[in-house]
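Chemist: here are the coordinates; sequence isn't available:
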Ligand code: S3P
């Protein structure tokens, strides 16, 4: 295996499959997977919802950047990031320098379907702009160019299973 990346960072909107794909790809590669949001919650002993309630979005974003600076030092990890990690320029630069960045892309309609299908998501994730399908459309519009800018590789996840996506990534990143 040549040109092996340090770590692989999965970026994309909520519902794109980052955590599931991270687990599957790590299993296949014999690497370790990490969910950056779960790590943040563990580190600060607070749920994301509670951080938003106490400190607002900017307080959460500060913590998110702090965690990223820490996990950017890891090697041979497949890392699922939070959907808004690309909002700060410093985060985008750090992601790009720390490893290979993969954007798991999907349309607003598909993401919304998956979010609605996951009953735990509303308990775990605060609304950011009014909620519902309109929020997905609005935030995706704001973020798509940032995901694109940050990504070394983009994978279209429409009508594909996480297993299928992990397979594609395995072939493109490891089986050389
Ligand atoms: C956010 C997405 C969430 C979490 C936080 C903010 C966002 O992560 O980081 O609620 O701004 O899109 P997931 O993408 O894992 O749901």
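Modeler: Received the coordinates, thanks. Every value quoted in this text rests on a predicted model; they were computed, and no experiment measured them.
Chemist: Pull out the buried positions in the host helix or strand of residue 142.
Modeler: Taking DSSP states H and E as the definition, residue 142 sits inside helix 132-150. For helix 132-150, burial by neighbour count (16 or more other Cβ atoms under 10 Å) applies to 135, 136, 139, 140, 143, 146, 147, 150. C-betas here are computed from N, CA, C, even on glycine.
Chemist: and what of stretch 153-162?
Modeler: Per 16+ other Cβ under 10 Å, stretch 153-162 contains these buried residues: 155, 157, 162.
Chemist: Show me the longest helix that occurs in this structure.
Modeler: helix 48-71 (DSSP state H).
Chemist: pretty sure residue 101 contacts residue 151?
Modeler: Yes: because the distance of 5.1 Å satisfies Cβ atoms under 8 Å, residue 101 is recorded as touching residue 151.
Chemist: Identify the contacts common to these two.
Modeler: Here residue 101 and residue 151 have residue 11 as joint contacts, going by Cβ atoms under 8 Å, 6 or more residues apart in numbering.
Chemist: The two: who's more crowded?
Modeler: residue 101 (26 against 23; other Cβ atoms under 10 Å).
Chemist: ok and whichever strand or helix holds the more buried one relative to helix 132-150, angle-wise?
Modeler: Using DSSP H and E, residue 101 sits in strand 100-105. Here the directions of strand 100-105 and helix 132-150 differ by 150 degrees (axes from the mean of the first three to the mean of the last three Cα atoms, to 10 degrees).
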